[in-house]
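Asker: Show me how the following folds:
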Amino acid sequence: MLAVENLHVSVGDTEIIKGVSLKINLGEVHAIMGRNGSGKSTLANVIMGHPAYEITSGEIKFKGTPIDEMEVFERARAGMFLSFQYPSSIPGVQVGTFLRKSVSAVRGDDAPSAREFRKELKMHMEALDMDKSFLSRYVNDGFSGGEKKRLEILQMLLLNPKLALLDETDSGLDIDALRVVADGINSITPNAGCLLITHYQRLLDHVKPDYVHVMIDGKIVKTGDAELATKLELRGYDWLEA
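Answerer: Residues are numbered from 1 along each chain as shown. Next up is the predicted model:
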C-alpha cells in the first residue's frame, strides 16, 4: 500500500527526515516510536501531503503510484487517512454535518445514500460507545482529549481507508477509551495498511504490530517485532545510540 524510498524532508533550511525507507503492505500494522522531535509526525504529514514540508529527495508511492504531485484531497480520495496528534476545533460546524460532507467528498460516487449513511453512522458510534448527542456538537469544540480521538476513529471507520496514518491516537485516553479506540483500529486493519505513531507500548497491547520501527534524529535506526516496543518501554532509547 505504501512505499517510502530514501525520503529526505526539510522545512526551510532544516532537514527533518534524513533518508527514511519504509514499506507497508495490505493488512500490516507498523508502529513508529521515538523521542519527541525525532520526525515521526513529520513523516505522517509528508505522506499525507502537508504543504509546509519540502521533499528534497526520495519518493513516496501509494499502491505503486508516485504521489508527490497529488493534492491532499486527492490522496484522501485515493484511500489515505491521517489522524492528527492535535485535532483542530471547528466552531460552528456540527459533527453530523462534518461527517456527512466528509464521506460524500472522499467516497464520491460510492458515497452511501442518506439512509445508508445514518445506518453506518449509528453502527460505528455504538461500537465506539459514542452518544448521538455528539452529532449536534461543534467539531472538537470543548471536546476532551478522549472525545477528539474517538471522533477521529469514527471518521476513519466511515471513510474506510486503505492506508491509515494514526498520529498518537492513544494520547489522552483512559484505559476504557483506549480499548474502544483500539477495537476501531483493529476493525479496519485486515483490509488496510496502518502506520501507528506512539510513545507508549500500551496501545500495542491492543493493536498488535507486525513491525516496530524506532526513529531517532530523522532516521529509522532499528526495526523489529512487538518485542522491540516492550524493550523500549524498559530501556528507553539511549542503548540505540551507543
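Asker: Any idea what the one residue sitting closest to the centre of the chain is bridged to?
Answerer: Nearest to the mean C-alpha position of the chain, counting by Cα atoms, centre = their mean, stands residue 166 at 1.8 Å. Note on residue 166: beta-bridge partners by DSSP bridges are residue 83, residue 196.
Asker: Do I have it right that it meets residue 197?
Answerer: Yes. Using Cβ atoms under 8 Å, residue 166 is in contact with residue 197, at 6.7 Å. In short, each C-beta sits where N, CA and C put it, glycine included.
Asker: can you give me the helices for this structure?
Answerer: 40-48, 72-78, 95-107, 114-127, 145-159, 175-188, 226-235 (DSSP state H).
Asker: Now mean pLDDT too, for these, in JSON lines please.
Answerer: Output for the helices of the chain, formatted as JSON lines (pLDDT from 0 to 100):
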{"stretch": "helix 40-48", "mean pLDDT": "95"}
{"stretch": "helix 72-78", "mean pLDDT": "95"}
{"stretch": "helix 95-107", "mean pLDDT": "94"}
{"stretch": "helix 114-127", "mean pLDDT": "94"}
{"stretch": "helix 145-159", "mean pLDDT": "92"}
{"stretch": "helix 175-188", "mean pLDDT": "91"}
{"stretch": "helix 226-235", "mean pLDDT": "91"}
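Asker: so which of the ones you listed gets nearest residue 31?
Answerer: Closest to residue 31 of those is helix 226-235 (Cβ to Cβ; 6.5 Å).
Asker: Can you list the buried residues in the closest one?
Answerer: 226, 228-229, 231-232 (16 or more other Cβ atoms under 10 Å).
Asker: Please tell me I have it right and residue 178 contacts residue 206.
Answerer: Yes. Applying Cβ under 8 Å, one finds residue 178 in contact with residue 206, separated by 6.7 Å.
Asker: Fine, thanks again, bye for now.
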